[in-house]
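Enquirer: Fold the stuff below for me.
(chains A, B, C and D)
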There are 4 protein chains.
Amino acid sequence: MTREFRIGMVGYKFMGKAHSHAFRDLPFFFDSEAVPVLTAIAGRDESAVREAARRFGFASYETDWRRLVERDDIDVVDIVTPNNMHAEIAVAAAKAGKHVICEKPLAMSVEQAEQMLEAVQSSGVRALICHNYRFAPAVQYAKRLIADGRLGRIYHVRAQYLQDWVMDPHFPLVWRMQKSVTGSGALGDIGAHIVDLARFLVGEITDLTATLETFIGERPLAEPMGNQTKGLVDVDDAVAWLAHFEQGALGVFEATRFAGGNRNGNRFEINGEKGSIRWDLENMNLLQVYLAEDEPGLQGFRTINCTEPHHPFADRYWPPGHIIGYEHTFLNLFAAFFQSLVDETDCRPDFRDGLQNQRVLEAIEKSAEQRRWMDVSREGTGNPATGGEC
Amino acid sequence: MTREFRIGMVGYKFMGKAHSHAFRDLPFFFDSEAVPVLTAIAGRDESAVREAARRFGFASYETDWRRLVERDDIDVVDIVTPNNMHAEIAVAAAKAGKHVICEKPLAMSVEQAEQMLEAVQSSGVRALICHNYRFAPAVQYAKRLIADGRLGRIYHVRAQYLQDWVMDPHFPLVWRMQKSVTGSGALGDIGAHIVDLARFLVGEITDLTATLETFIGERPLAEPMGNQTKGLVDVDDAVAWLAHFEQGALGVFEATRFAGGNRNGNRFEINGEKGSIRWDLENMNLLQVYLAEDEPGLQGFRTINCTEPHHPFADRYWPPGHIIGYEHTFLNLFAAFFQSLVDETDCRPDFRDGLQNQRVLEAIEKSAEQRRWMDVSREGTGNPATGGEC
Amino acid sequence: MTREFRIGMVGYKFMGKAHSHAFRDLPFFFDSEAVPVLTAIAGRDESAVREAARRFGFASYETDWRRLVERDDIDVVDIVTPNNMHAEIAVAAAKAGKHVICEKPLAMSVEQAEQMLEAVQSSGVRALICHNYRFAPAVQYAKRLIADGRLGRIYHVRAQYLQDWVMDPHFPLVWRMQKSVTGSGALGDIGAHIVDLARFLVGEITDLTATLETFIGERPLAEPMGNQTKGLVDVDDAVAWLAHFEQGALGVFEATRFAGGNRNGNRFEINGEKGSIRWDLENMNLLQVYLAEDEPGLQGFRTINCTEPHHPFADRYWPPGHIIGYEHTFLNLFAAFFQSLVDETDCRPDFRDGLQNQRVLEAIEKSAEQRRWMDVSREGTGNPATGGEC
Amino acid sequence: MTREFRIGMVGYKFMGKAHSHAFRDLPFFFDSEAVPVLTAIAGRDESAVREAARRFGFASYETDWRRLVERDDIDVVDIVTPNNMHAEIAVAAAKAGKHVICEKPLAMSVEQAEQMLEAVQSSGVRALICHNYRFAPAVQYAKRLIADGRLGRIYHVRAQYLQDWVMDPHFPLVWRMQKSVTGSGALGDIGAHIVDLARFLVGEITDLTATLETFIGERPLAEPMGNQTKGLVDVDDAVAWLAHFEQGALGVFEATRFAGGNRNGNRFEINGEKGSIRWDLENMNLLQVYLAEDEPGLQGFRTINCTEPHHPFADRYWPPGHIIGYEHTFLNLFAAFFQSLVDETDCRPDFRDGLQNQRVLEAIEKSAEQRRWMDVSREGTGNPATGGEC
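Expert: Presented below is the predicted three-dimensional model:
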């Protein structure tokens, strides 16, 4: 017996493509009860949204997201718009009794994020935030090793998200560089991912000190407005912060769009009492593991291709050594989410995680502004580190 | 306007899954005229084939492949059976006027392969052999570099396909170890892949000397037959050969199932007058390139993540640094094949490639048996190296 | 014609061995005028220092460093004692008119470092601080690339010095964990090295925010004192800091003795407008270089083995691909120093560098204590970044 | 108490430098009874040999090697000449009662090698062949793992020695390309090294099939002779062979000077029943080890930096993670040799190894010429695999 979940998607760019693909591909690999159905997609530009519906395989489209949210034939609203639209849509969807999937970062502010969490909690719907990298098999396996105590007490978290796509000063002022649309720059776009990975793997951050940098302050407008051909970059190009974790670890974090040669370098190394792990998104199937218990002389980082029956999700895909890619992180994430809808269980990362992530982002911005350490509030979000896996 | 190609698949194991997935996923990424439709699947065991039809998404099933081949609503027959069935099915499909897709190695012998080529040529159907690794973007890019003369004259081809899945002596006598079903062991299973990659990238092999090894000669039967609990392994566990290429290069090849720690190590290094390239399937998005023209002091292998707009197929998928996986090699291969059906053009690798590959495999077996160098015939197969890309 | 420089060494442990070896080996590889002569070695324990003299090849020994400093047959005093002895010996040596070589960190405090610089400046002797990693050929080559503008404006400095030798809680309370002897822990021991590399390669730090951690607060005494078997660790096990550079770059730094599996992981990555470089001491011959000017499609980090004629110091040693090791950093450093004595020119890193380094260390300690950003004074030290190579 | 061994060296190029350095540096690191003394060096060109004596530190020189061999004050004759001189000098030295050190390959032919072995055996002197790579700590450790059965039965030996220094067609016709002086090309120069490593680690080769290639047949003369500006390359640029080992393994070997980007790529991978190892001279401190006994999910190659107390020779040098280089292989080799002189024990690799290596080289040449498998004789050389470590 299958159970269909009718998806209404708002937005249709990069994340729209990634989500749509995952919804479509999911039943092939996950032979589960839950089956997502691509019911409607919304966007303001009719010809563009019509074309997106065709390309992605949605049965219908809307040019007003409000209509989509209200449709009776929608069970789940999936928000893949720019960040400044997340809150309004999510709140409306929750009020309309729809489950919500939302891209990260959750919101433009902690206040918005709190409203969103409040909305989904009072409506009793489930709400997923798309921190898909949690669902790379190597990351899930890392989590299992840590949860099983294989690394012992954690001393260090060292995480970087390094990109280079905007280094050319002629690269135009896209929406991801405009504060009013995106909230922040590298911080919310990629920094949010390493915040989530650290929270998932090690736990909550208690306090931090940060700095934000904007290396190129002015860029060509995508479309010149009268005489004006350049516009102000009012978000960060790069951010770095030091943090303490509740359980005692020291965190060193950096996210930047100015690390030439690093196309998508989402990396971490975690050092514990009994071992260490290293991961890099660009070689996402591999996990490097060091175990202090190994025999003297034979100690060293092992390079593990997490495509074996012993690794999370591997049985869904291909035999050992036949790697999977970026898109599979969404497949795994959504498989877990829809299963939670069927089972009526919690699925993390949810809006509590989104809110807590937002608090870290906001503390980073405040710390950078005030040039001092900031505490991170934990009010009402529980501890994802103990319930982090779907 | 779209054009549908109705697929009839024979077989439903690992390759059945890989092909089915690619057919289904193809229209999402390749917005082309050609759309494969999963029409029927055949297998002898009714409950198993019914379940396969459900899992893979075929609209119907047959328990006799002959019925499938004759169905009017089938345009393309896709053969994913054990090797000893390839010839009969392919010939019947060709005679029935169906296009053919066939897994590698093409046949059990050169004689069979010749019959298959003859059948598809006289019927005028198109016939694809599934050397999918040609279609890894990094391999396509390597081909482009070589074709553009960036490596100059090629001196060396060094290729290995290293696996380790049967090293445990308790691993049972599966069909891939029985000569009557599979023809050869590591040779046809994985050696055929590196033969194809070498042919694709560098050209034809003229002569070779080889050795075959069977390290574990007897294994437990999967299902004991009376008192008999063990059976004879009558295929190779490993094979190695030296070869000369028509254009002057020296080849050193090795394929084995006994290289512990190498789960799926399909690797090559090619050294030319002006540069070198290295590739490894386990990190299939990466290509290592050395260019002798680089400035002194700054010479070294570059590690290139072939996920950029400048790389083949990359525009179909995700932004730079967001990697793809094993399954995408089939997507790319089939996209090219269906496009060739629409365009009525050649699509390589075809059965000429399959036959030429088979000749290399057979020369290897004869050389190993006779302990001498063997020439490889080229009668009637043309030069894939000059027409190797779809 | 050769000119001998008679060395008087104070101390004889790990650094004593490294320096002695380099002095002895230097004339073989550097066919220069300057020849160090191992004249005397000093230490309090007569049998130990006598044995050290024999092992290292010193012609004589002293049990009081003051006698060594005053000997007429000593030209250069080399200080390889624990940190708390550096200042007194260096000042005495300078006053006695000897050139001084001193291990890092220069002193226990900025105040001491200033006195040391004042002493050598007023005596007119030359004074080297042993930041030997500047003299790895790959690091020298990195400096040349940066100085030549090959990386353009520098955006990011990301440096870590990761070790793991004290992670076992049973590891005893050695002198490197006692503040009175060593001044600081990971900070002065290994953090000082990455401060120096960053200053050498990119320039001066203007301000920073830092945190210090002590993970294991109590350890077994090496020699129990009465009933007391444990003692307090009063230095840092780990340190991290964020920093701004005078020329605009953002620095992220971390030094720790608790990064399991990292035996000697002194690493940096520097990202500039036009390119990036990466280095790791554990594979110290290799430099990874990314150049944004590379042809699209062929962009990626190059792995360069800095053993070619085009690389600094390579002509002194072996042909390309024949690597050198840790000890050669001292050979290169001392070759430059003695040449500067012959030529009567400046040799960096000198005590100005040592003082400036100490200021960074002290700012880190104060920042960690006061939990705020600290400015780093630059009074009277010039700009090593513009004169950093010997 | 020390015992001096007075060295007389014949030749003074690259190997002269490497040996001289090792003799000088040896007492510092190896606090042993045996102390080499650089007594005399011989060469035909007086000004060159005088300068070599000065640079390397020999006390005297000779312009006729025969005089050196006869001098009473010489205990050990070290032969670092081109290959065509090895036999005559070694035989004369042995007859004069001197111990002999000889560079590889031992001789120009098996016949010469047999004469050399005969000469040293009848004179009762000890005779070392300089297969220094056996003495890289990682290789010694690999040997220990294999000898201890950690890899179980060996299935595969895969070895390459890849260089690229002569790829430019304008590179002149140096002695290493002239058969009359060198015997063979890549085969004897670098192929001999991988023969030795395979014999050391796995044992004797019983039969093989090979091919030799000369890619550039004519080159500029270093010094034009009359009108003649080019000369014939009459040795191999590259060689490859397949081999069987006495204990059952399959070997695949390749040595070439035409593998662009590989400056000094001496590499092997060995796959056994219970594990695998990989090594690469360009990162010679690292050993990669895979153990099949590792826990499922945590299986992968470990990257081990062989600089720990548990690794051979590591205690002589620096702390963990502080790497050593090319020159240390000679230090370790000679330390073992001189100790064997003191102890009056066998030291391998000796002239039996040199002869057996020569037999493999000759079988390769014959196999390539006759295009058939050749057996390798074992007459009178014992089994180095069981006595391979000093």
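Enquirer: Where do the domain boundaries of chain A fall?
Expert: According to automatic domain parsing, chain A comprises the domains A:3-132, A:135-386.
Enquirer: any bit of the shortest one sitting next to chain B?
Expert: Yes - on the criterion CB under 8 Å from any CB of the partner chain, domain A:3-132 is in touch with chain B at A:Phe14, A:Ala18, A:Ser20, A:His21, A:Arg24, A:Asp25, A:Phe28, A:Phe29, A:Asp31, A:Arg55, A:Phe56, A:Gly57. For glycine as for every other residue, the C-beta is placed from the backbone atoms N, C-alpha and C.
Enquirer: do you know how far A:Glu118 is from D:Phe135?
Expert: Remark: distance between A:Glu118 and D:Phe135 (CB to CB, to the nearest Å) = 70 Å.
Enquirer: Revised request: answer the last question for A:Gln121.
Expert: For A:Gln121, the distance to D:Phe135 - CB to CB - is 68 Å.
Enquirer: And those two? Which one has more around it.
Expert: Set side by side, A:Gln121 and D:Phe135 show more neighbours around D:Phe135, with 25 against 15, by other CB atoms under 10 Å in any protein chain shown.
Enquirer: Roughly how far does the nearest residue to the more buried one once chain neighbours are set aside sit from chain A?
Expert: Closest residue in space to D:Phe135, ignoring its immediate chain neighbours: D:Asn332 at 3.8 Å, by CB to CB, 6 or more residues apart in numbering or on different chains. Noted for D:Asn332: a distance of 17 Å to chain A, by CB to the nearest CB, to the nearest Å.
Enquirer: Count the residues that sit near D:Asn332.
Expert: Neighbours of D:Asn332 (other CB under 10 Å): 26.
Enquirer: can you pull the contacts of it?
Expert: Neighbouring residues of D:Asn332 by CB atoms under 8 Å, 6 or more residues apart in numbering or on different chains: D:Asn132, D:Phe135, D:Ala136, D:Pro137, D:Gln140, D:Pro312, D:Phe313, D:Arg316.
Enquirer: try 10 Å
Expert: Contacts for D:Asn332 (CB atoms under 10 Å, 6 or more residues apart in numbering or on different chains) come out as D:22, D:26, D:29-30, D:132, D:134-137, D:139-140, D:312-313, D:316-317, D:324, D:390.
Enquirer: Check A:Thr256 too.
Expert: A:160-164, A:166-167, A:185-187, A:190-191, A:213, A:215, A:236-240, A:262, A:265, C:155-156, C:158, C:250, C:252, C:271.
Enquirer: Can you tell me the closest non-neighbouring residue to the residue minimising distance to the centre of chain A?
Expert: Centroid check for chain A by CA atoms, centre = their mean gives A:His131 as the closest residue, at 2.5 Å. Distances taken as CB to CB, 6+ apart put A:Asp196 closest to A:His131, at 4.0 Å, once the chain neighbours are dropped.
Enquirer: ok, now A:Lys17?
Expert: That would be A:Phe56: by CB to CB, 6+ apart, it lies 6.9 Å from A:Lys17.
Enquirer: Quick check on the one you found: phi, psi?
Expert: phi -80, psi -20 (degrees, to the nearest 10).
Enquirer: Using the three-state scheme, assign the closest residue to chain C within the stretch 1-150 of chain A.
Expert: Distance from chain C to each residue of the stretch 1-150 of chain A (CB to the nearest CB) is smallest for A:Arg150, at 11.7 Å. Using DSSP: H, G, I helix; E, B strand; the rest coil, the structure places A:Arg150 in coil.
Enquirer: What residues does A:Leu291 make contact with?
Expert: With CB under 10 Å, 6+ apart, A:Leu291 has these contacts: A:145, A:150-151, A:274-277, A:299-302, C:260-261, D:294-295, D:298, D:302.
Enquirer: out of those, which are inside strands?
Expert: Under the assignment DSSP state E, the contacts of A:Leu291 contribute A:Gly275, A:Ser276, A:Ile277, A:Phe301, A:Arg302, D:Arg302 to strands.
Enquirer: For the fourth one, list the residues it contacts.
Expert: The reference is to A:Phe301. Applying CB under 10 Å, 6+ apart, the residues contacting A:Phe301 are A:269, A:275-278, A:287-291, C:260-262, D:300-305.
Enquirer: for the stretch 1-150 of chain A, what spans make up the helices?
Expert: A:14-29, A:46-56, A:65-70, A:86-95, A:110-123, A:137-147 (DSSP state H, counting those that start in this stretch).
Enquirer: Turn these into JSON lines, including mean pLDDT.
Expert: Shown next, in JSON lines, are the helices of the stretch 1-150 of chain A (pLDDT from 0 to 100):
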{"stretch": "helix A:14-29", "mean pLDDT": "97"}
{"stretch": "helix A:46-56", "mean pLDDT": "97"}
{"stretch": "helix A:65-70", "mean pLDDT": "98"}
{"stretch": "helix A:86-95", "mean pLDDT": "98"}
{"stretch": "helix A:110-123", "mean pLDDT": "97"}
{"stretch": "helix A:137-147", "mean pLDDT": "98"}
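Enquirer: before we move on, the earlier item: neighbours around the closest residue to the residue of the stretch 1-150 of chain A closest to chain C other than its chain neighbours, how many?
Expert: Distance criterion CB to CB, 6+ apart; nearest residue to A:Arg150, sequence neighbours excluded, is A:Gly275 at 5.9 Å. Counted with other CB under 10 Å, the neighbours of A:Gly275 add up to 22.
Enquirer: And A:Gly275, what's its pLDDT?
Expert: pLDDT recorded at A:Gly275 is 98.
Enquirer: For chain D, see how far away it is.
Expert: For A:Gly275, the distance to chain D - CB to the nearest CB - is 10 Å.
Enquirer: Show me what that residue bridges to in the sheet.
Expert: When assigned by DSSP bridges, A:Gly275 has beta-bridge partners A:Leu291.
Enquirer: Quick check: which element contains A:Ala198?
Expert: helix A:192-201 (DSSP states H and E).
Enquirer: A:Ala363 against A:Val110, yeah?
Expert: Yes - shown here, A:Ala363 and A:Val110 form a contact pair, counting by CB atoms under 10 Å, at 9.0 Å.
Enquirer: For these two, indicate the residue with more neighbours.
Expert: When neighbours are counted by other CB under 10 Å, A:Ala363 comes out ahead of the other of A:Ala363 and A:Val110, with 24 against 19.
Enquirer: Need the three-state assignment for that one.
Expert: Applying three-state DSSP: A:Ala363 is helix.
Enquirer: How much space separates the nearest residue to it once chain neighbours are set aside from C:Leu221?
Expert: Spatial nearest neighbour of A:Ala363, chain neighbours left out: A:Met374 (4.2 Å); criterion: CB to CB, 6+ apart. To C:Leu221, A:Met374 is 40 Å away according to CB to CB.
Enquirer: and those two? which has more neighbours close in?
Expert: A:Met374 (22 against 12).
Enquirer: Spit out the contact partners of the residue of the stretch 1-150 of chain A found nearest chain D.
Expert: Closest residue of the stretch 1-150 of chain A to chain D, CB to the nearest CB: A:Tyr141 (7.0 Å). By CB under 10 Å, 6+ apart, the contact list for A:Tyr141 reads A:277, A:279, A:287, A:289, A:304, A:306, A:308, A:310-314, D:297-298.
Enquirer: Could you restrict those residues to the ones contacting chain B?
Expert: A:Glu308 (CB under 10 Å from any CB of the partner chain).
Enquirer: Narrow the contacts of A:Tyr141 to those that are buried.
Expert: A:277, A:279, A:287, A:289, A:304, A:306, A:308, A:310-314, D:297-298 (16 or more other CB atoms under 10 Å in any protein chain shown).
Enquirer: Export those residues to CSV and append columns for secondary structure.
Expert: Below are the buried ones among the contacts of A:Tyr141 laid out as CSV (three-state DSSP):
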residue, secondary structure
A:Ile277, strand
A:Trp279, strand
A:Leu287, strand
A:Val289, strand
A:Ile304, strand
A:Cys306, coil
A:Glu308, coil
A:His310, coil
A:His311, coil
A:Pro312, coil
A:Phe313, coil
A:Ala314, helix
D:Gly297, coil
D:Leu298, coil
